[in-house]
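> Following is a predicted model, sequence given first.
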Number of protein chains: 2
Amino acid sequence: MSTGAVYIVDDDEAIRDALAWLFQSRGVDVETFVSAEAFLDKWSPGTSGCLVLDIRMAGMTGLELFDRLREMGARLPVIFLTGHGDVPMAVSALKKGARDFVEKPFNDNDLVDMVIDALAWEATQRENAADAASLAARLASLTLRERQVMERVLAGKLNKVIADDLGITMRTVEVHRAHLFEKMGVKTAVELAQLMSTRR
Amino acid sequence: MSTGAVYIVDDDEAIRDALAWLFQSRGVDVETFVSAEAFLDKWSPGTSGCLVLDIRMAGMTGLELFDRLREMGARLPVIFLTGHGDVPMAVSALKKGARDFVEKPFNDNDLVDMVIDALAWEATQRENAADAASLAARLASLTLRERQVMERVLAGKLNKVIADDLGITMRTVEVHRAHLFEKMGVKTAVELAQLMSTRR
DNA sequence: ACAGGCATTGCGGATGACCACACTGGTCAC
DNA sequence: GTGACCAGTGTGGTCATCCGCAATGCCTGT
């Protein structure tokens, strides 16, 4: 798992080149795009990294690309660059989850530091998302009965009560319980509770 | 528990009065302050509500008041008002946790809506903080041994193993276990795990 | 038709959790 | 010094959990 690259989207070739050189010189992988559309072509749910996005571009603007990516489920951190941004635009972008909003001219080193932070953040987010997905998958693999038993185990009910509750025998509850513990990859009810509590 | 008031800090009397009237007409409790210093006098850790803060004021500026409050542990949501803010100022304020950053002239209704949202948010935050404090208090009431046993219970260890671990008898572990369950207000290990997992 | 997964149940035993009762010893505060 | 609190221990019993072994009925896909 290497940490992702920085994706620079700007229709000004001079800026693309300058930024690409800047990041490369600091050891950050870079890919550049001439337009929002070009990045959308490249993007897939597996794309990992950080976006540096010019606001004002021909065609789709940076803000529009940002919205589009969010709609498509992208969770990449986005740093906006702008020559002459206004306050409402900056506020709206940040409130929608942009990572930062930087006016040109900016300090090169600061930008690289921001990107490096964003890359690290994105990597941990990606891990968390993977954990959540794995948990969801395991949850989905449970049968109806197993889910019903799990709910009641998490509610602290005794097997006897659960059995009564579901109109089945204690022995059957035990079987379901063992199965769901197996599927969820836990050995005790305590572990199960922790697993289910952290992510929600 | 009523939801808190909106605290308006602005050195322009006309604006204070206009905002006070605006909020009152929408049923929101209002208090106004002529300066950042005046609000600091009034503030205490129990102060509940939402701040509407002019940036440019004689004496301490809105941004300085914001920083000062954060240092003192205040978690009040803050909405900044500014006549001529610049982008870096807005970005910095939002990244430091300001709720919003609004340029004059602004839409009255939008501001009230923002404040109402902020008040609701603050109320739930306050509840969460109270729960966390109560949990911390209960945790602090545990004796050393009880904490040691709790850790190991949460690690899914059996009483036998815990006993071995701590060099004491199973019986003693059972006693500590019962005591800590009592103090933490839970009846089962599962409840304990849920209690400890949600807040961390 | 047959394999495989799911839900169900029974029996019995090993192990663990929980509890009431009883007792020792140390520290700390009033 | 006496009471409150903490830590530690024992006996004995009840209830719960966990497992292996064995079996039945249903449904689905090959």
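Structure received. Residues are numbered from 1 along each chain as shown, chains lettered A, B, ... in the order given.
> Ramachandran coordinates for the residue sitting furthest away from the middle of chain A?
Within chain A, A:Thr169 marks the point farthest from the mean C-alpha position, 42.9 Å out by CA atoms, centre = their mean. Main-chain dihedrals, A:Thr169, degrees, to the nearest 10: phi -80, psi 160.
> so what's it closest to, chain neighbours aside?
Distances taken as CB to CB, 6 or more residues apart in numbering or on different chains put A:Ala163 closest to A:Thr169, at 5.8 Å, once the chain neighbours are dropped. All C-beta spots, glycine's among them, are computed from the backbone N, C-alpha and C.
> per-residue pLDDT, the one you found?
A:Ala163 is assigned a predicted lDDT (pLDDT) of 91.
> Quick check: end-to-end length of stretch A:49-59?
23 Å (CA to CA, to the nearest Å).
> got the buried residues for that stretch?
A:49-55, A:57 (16 or more other CB atoms under 10 Å in any protein chain shown).
> re earlier: doesn't the residue nearest to A:Thr169 lie inside a strand?
No. Under DSSP: H, G, I helix; E, B strand; the rest coil, A:Ala163 sits outside any strand and is assigned helix.
> doesn't A:Thr82 make contact with A:Glu103?
Yes. Using CB atoms under 8 Å, A:Glu103 is in contact with A:Thr82, at 5.9 Å.
> Pull up the overlap in contacts between those two.
B:Val87 (CB atoms under 8 Å, 6 or more residues apart in numbering or on different chains).
> which ones are touching A:Leu51?
A:6-7, A:9, A:39, A:69, A:76-79 are the contacts of A:Leu51 under CB under 8 Å, 6+ apart.
> hmm, back to that, ok, the residue farthest from the centre of chain A to A:Asn159 distance?
10 Å (CB to CB, to the nearest Å).
> And for A:Arg75?
From A:Arg75 to A:Asn159 the distance is 41 Å (CB to CB).
> Neighbour count for these two, which is higher?
A direct count of neighbours by other CB atoms under 10 Å in any protein chain shown for A:Arg75 and A:Asn159 places A:Asn159 higher, at 18 against 14.
> any idea of the pLDDT on that one?
Taking A:Asn159 on its own, its pLDDT is 90.
> So it is in contact with A:Arg177, correct?
Yes. If you go by CB under 8 Å, A:Asn159 and A:Arg177 touch, sitting 7.0 Å apart.
> Spell out which parts of chain A neighbour DNA strand D.
A:158-160, A:170-171, A:174, A:177-178, A:188-189 (CB under 7 Å from any atom of the strand).
> again, only using 10 Å
Contact residues, chain A versus DNA strand D (CB under 10 Å from any atom of the strand): A:153, A:156-163, A:170-175, A:177-179, A:181-182, A:186-190, A:192.
> So among these, which ones count as buried?
Members of the residues of chain A next to DNA strand D classed as buried by 16+ other CB under 10 Å are A:153, A:156-157, A:159, A:162-163, A:172-173, A:177, A:181, A:186, A:188-190, A:192.
> biggest helix in chain A, by residue count?
The single longest helix within chain A, with elements called by DSSP state H, is helix A:108-140.
> Is that one in proximity to chain B?
No. Counting by CB under 8 Å from any CB of the partner chain, chain B has no neighbours in helix A:108-140; the shortest distance is 10.7 Å.
> average pLDDT across that helix?
pLDDT averaged over helix A:108-140 gives 93.
> now for it, which elements pack on it?
helix A:13-25, strand A:49-54, strand A:78-82, strand A:100-103, helix A:170-184 (3 or more CB pairs under 8 Å, 6 or more residues apart in numbering or on different chains; DSSP states H and E).
> now the helix or strand that it is followed by, how far from the centre of its chain.
Heading C-terminal from helix A:108-140, the first helix or strand you meet, by DSSP states H and E, is helix A:144-154. Centroid separation for helix A:144-154 versus its chain: 29 Å, with CA atoms, centre = their mean, to the nearest Å.
> Just confirm yes or no for helix A:144-154 near chain B.
Yes. Judged by CB under 8 Å from any CB, helix A:144-154 and chain B are in contact via A:153-154.
> Contacts only, for A:Leu76.
A:7, A:47-51, A:69, A:122.
> Quick one: residues contacting the residue in chain A that DNA strand D sits nearest to.
DNA strand D sits closest to A:Asn159 of chain A, with a gap of 3.1 Å, by CB to the nearest atom of the strand. By CB under 8 Å, 6+ apart, the residues touching A:Asn159 are A:170, A:173-174, A:177.
> can you redo the residues you listed as a markdown table with pLDDT and distance to chain B?
Output for the contacts of A:Asn159, formatted as a markdown table (pLDDT from 0 to 100; distance: CB to the nearest CB, whole Å):
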| residue | pLDDT | distance to chain B |
| --- | --- | --- |
| A:Met170 | 90 | 18 |
| A:Val173 | 91 | 15 |
| A:Glu174 | 91 | 16 |
| A:Arg177 | 92 | 13 |
